[in-house]
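1. let me see the structure of the following:
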Amino acid sequence: MQPQLAEEMRTKHPYFTHDMIVGQPSALHATLEICKKEAADITSYWGGNDKFVLTGCGTSFHAALASSYMLYSLFQKTGVEAIQSFELEHYYNLLGSNSLLMAFSHTGFTKTTLDAMMKAKVSGARTFAITGVKESPITRLSGRSIVVGNGREKSRAHTVSYTCAILAAMYLSAYYTQSQTSSTTAESFLEQFNDIPQSVLSTIEHYEKQVAELASSLSKTSQFFFVGSGPNIATAYEASLKMKETNYSAAEAMETEQFLHGPWVSLKPSTVVFLAATRGPSRQRNVDLLRICKDLSVPTIAITDDKHLVELAKHSIFMPDVSEELSPLEYIVPLQLFAYYTSLSKGINPDMIHYDDPRFWTARQIIFPPGTH
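-> Numbering: from 1, shown residues only. Down below sits the predicted model:
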């Protein structure tokens, strides 16, 4: 079976993936305006719940996971869990009439997430969907939905849909809490959202050239580790996934303490460790990680707002000051660029995720039969 290729393909830089990455500031701004317009109607549907469950698959699950940390911070008397859609459908039985399922799906066609949503509806839970495609199945199935971003991504390695989905989930959660309790924490978050599009733009403008040079110099690395704590566990997972999708590198992601409980012994000079870290509770463990990497001659790249971590890391991207809960919106961007420019260094089209290879296209039909993703 021949692969189904996009009607329009690019064979050199800038690929569609690059368009999507650098288009995030405008897409985030547009998403923010949509959220402000629809927040009152959407969050009025949320009232009376004692549990919020966030779900999705792949990049969409990483968006759910990143978003869950803001809900943890805001919903002091409400349970919050992030659960992958397949696990939710087959192994989780705690949804009920006082629960709200927040489902993430860029295309709105992901069968596993739709099945999880159907299970939630049968249990009596309310359902809310965040998607990038209008009139998709998930918008018809959910009790409420919001369409964010700039439409369906042309690259198969999703980037802009990830950040836009996170922004929507976080903004609506902060709006809901502020309207319910007049929370000063929620009010602070709502104010910070206005700065996010410009911060992302500044990061791209300031660091794209440096990241491209880093990617070129590190393209022959045997293995990449992406490490983070709190909300940036999701950043680590998503960065690792982008490396696999765009340039097929051996990349692994894990939480900082988990990495220090064994996996660190596999480090060698031919590996590279990325650390996504704010000045949060994991600060000392981040310092420990960078110190041992330095002692073992392992290259490190810190994405951080902590000047001490900048001093310890071999390379760094110094990020704007933002609440830790919001940091995944910004911290993923230089890592998306790194994955993209690593693809260029390897001579790989980052848009395709191997779908231009008939063997992988045949495999895709097994994993995702037509109409299920």
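2. packing partners for the host helix or strand of Tyr171?
-> Using DSSP states H and E, the element containing Tyr171 is helix 160-181. Counting contacts by 3 or more CB pairs under 8 Å, 6 or more residues apart in numbering; DSSP states H and E, helix 160-181 packs against helix 24-44, helix 59-74, strand 99-105, strand 126-131, helix 184-193, helix 328-346. Yep, even glycine has a C-beta here, placed from its N, CA and C like the rest.
3. between those, which gets nearest to Ala157?
-> Among the helices and strands packed on helix 160-181, the nearest to Ala157 by CB to CB is helix 328-346 (7.7 Å).
4. ok, which of the helices and strands packed on helix 160-181 comes nearest Lys12?
-> helix 328-346 (8.9 Å).
5. so Asn232 touches Phe274, yeah?
-> No - between Asn232 and Phe274 there is no contact under CB atoms under 8 Å: 10.5 Å.
6. list phi and psi for Asn93.
-> Main-chain dihedrals, Asn93, degrees, to the nearest 10: phi -130, psi 30.
7. pLDDT score assigned to it?
-> On pLDDT, Asn93 comes in at 89.
8. ok, it to Phe224 distance?
-> Between Asn93 and Phe224 the computed distance is 37 Å (CB to CB, to the nearest Å).
9. also Thr235?
-> In terms of CB to CB, Thr235 sits 14 Å off from Phe224.
10. more crowded one of the two?
-> Neighbour totals were compared for Thr235 and Phe224, and Thr235 leads with 30 against 23 (other CB atoms under 10 Å).
11. how close does that one sit to Val80?
-> From Thr235 to Val80 the distance is 19 Å (CB to CB).
12. not counting sequence-adjacent ones, nearest residue to Asn194?
-> Excluding its sequence neighbours, the residue lying closest to Asn194 (CB to CB, 6 or more residues apart in numbering) is Leu32, at 7.3 Å.
13. just the terminal-to-terminal distance for stretch 91-107.
-> 24 Å (CA to CA, to the nearest Å).
14. hmm, back to that, these two touch, right, the residue nearest to Asn194 and Gln198?
-> No - contact criterion CB under 8 Å: Leu32 and Gln198 do not qualify, at 11.2 Å.
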